[in-house]
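**Student:** I need the structure of the sequence given here:
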Amino acid sequence: MSNVTQDFSDGILAITIDRPDAYNSLDKNLRLELKAAFERAQEPDVRAVILLGGPKAFCTGQDLKEHISDLQSGAGMGKVVEEYNPMVAELTAINVPVIAAIEGAAAGAGWSLALHCDFRIAGPKASFKAAFPSIGLATDCGMSALLPRMVSDAKARELLFFDKKVLADEALSLGLVTEVVDNPAARARELAAQFAAGPTAALKEIKTLLRRDTLAAAAAEADAQARLAVSADHKEAVAAFLEKRPPRFVGE
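**Tutor:** Prediction:
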C-alpha cells in the first residue's frame, strides 16, 4: 500500500504522508515514495505545493523498528546517503513555493522536511523536536544548516544539545513557523492558491535567489551518522529502547 497520496488541482500539488499506524515515521518505502512525489512537484504544471501529515504526527523521523533491524543486519546508516539525502535533494529542487501543514509532531528527519519547506503552518498541538541526541546520533537532512539560519546559532545549539521539544506557540515566537491556526491544512491551501494564481516565474526566481545549499551539510551529517551508528552510546540507546529503560551514556 502507498504511504503517500498526491492530489493535483488548479496548479496545486498536495502531498500527504499517510502512515498513521507508525506515526508517519520514515521507512524505506516512505522515503522512496516521498522522493518520487517531490520529483513530480518539479513538473511545469505545478505552481504550488502543500506537504501534509496526520492529526497526531506530521512525520516522526526514522522508523526505529526498521533502524534496529538495519543495525542488526549490519546495514548501518547507508540509508542516509542512499535514500534520505536524495529525498531531500528532490525537495530542495522544487522551484515553486512549498507549504507544510503541521498538526502534530514533527521530529528528527520529519522536522528537517518541514524546515526545508518555504512556509510552515502549524496547528495548536504541533510540536518540534530534533530527537537525534537522545538516541546518540547527530542531525541529518541538512538540519545543522537550516536551524541556525532560522533561530540563530546560539538558539540552535540550545534546541539541539538539550534536545528540547518546541511547542507551537514557542515555534511561532522563534520564527520556526509562519502561523499557528486551528486548521493548518485549510490555511496552507489558501496560501497555495494565492501563490498558484500569482506571478509564478517571479516567485521561482526569488526562491532560487533565497535558496542556499544545505546539501553539503546533509553530506557532512551523513558522515557523522555513519560514525555514530557504531558508537557505544548509540548501541546503548537502542538497547535501552528495546528494554524500555533510560539509556546510560558513556560518551563513546
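
**Student:** how many neighbours does residue 120 have?
**Tutor:** Close neighbours of residue 120, defined as other C-beta atoms under 10 Å, add up to 30. Using the backbone N, CA and C atoms, a C-beta is placed for each residue, glycine as well.

**Student:** does it touch residue 100 like I think?
**Tutor:** Yes: between residue 120 and residue 100 there is a contact at 4.8 Å, judged by C-beta atoms under 8 Å.

**Student:** okay, and the common contacts of these two?
**Tutor:** Shared contacts of residue 120 and residue 100 (C-beta atoms under 8 Å, 6 or more residues apart in numbering): residue 114.

**Student:** all the strands of the stretch 151-252 of the chain, residue numbers only.
**Tutor:** 166-167, 179-180 (DSSP state E, counting those that start in this stretch).

**Student:** wait, which of the ones you listed is closest to residue 29?
**Tutor:** Residue 29 lies closest, by C-beta to C-beta, to one member of the strands of the stretch 151-252 of the chain: strand 166-167, at 28.8 Å.

**Student:** can you give me the helices in the stretch 51-200 of the chain?
**Tutor:** 64-73, 78-79, 85-93, 109-116, 143-151, 153-161, 168-174, 184-196, 200-210 (DSSP state H, counting those that start in this stretch).

**Student:** out of those helices, nearest to residue 24?
**Tutor:** Using C-beta to C-beta, the helices of the stretch 51-200 of the chain put helix 109-116 closest to residue 24, at 6.9 Å.

**Student:** distance from the closest one to the middle of the chain?
**Tutor:** How far helix 109-116 lies from its chain's middle: 2 Å, per C-alpha atoms, centre = their mean, to the nearest Å.

**Student:** what mean pLDDT does it have?
**Tutor:** Mean pLDDT, helix 109-116: 96.

**Student:** which strands and helices lie in contact with that helix?
**Tutor:** Packing contacts for helix 109-116, counted by 3 or more C-beta pairs under 8 Å, 6 or more residues apart in numbering; DSSP states H and E, involve strand 57-59, helix 85-93, strand 98-102, strand 127-129, helix 143-151.

**Student:** which helix or which strand is home to residue 8?
**Tutor:** Using DSSP states H and E, the element containing residue 8 is strand 4-9.

**Student:** quick one: low-confidence ranges for the stretch 1-150 of the chain?
**Tutor:** Applying pLDDT under 70 to the stretch 1-150 of the chain flags the ranges 75-77.
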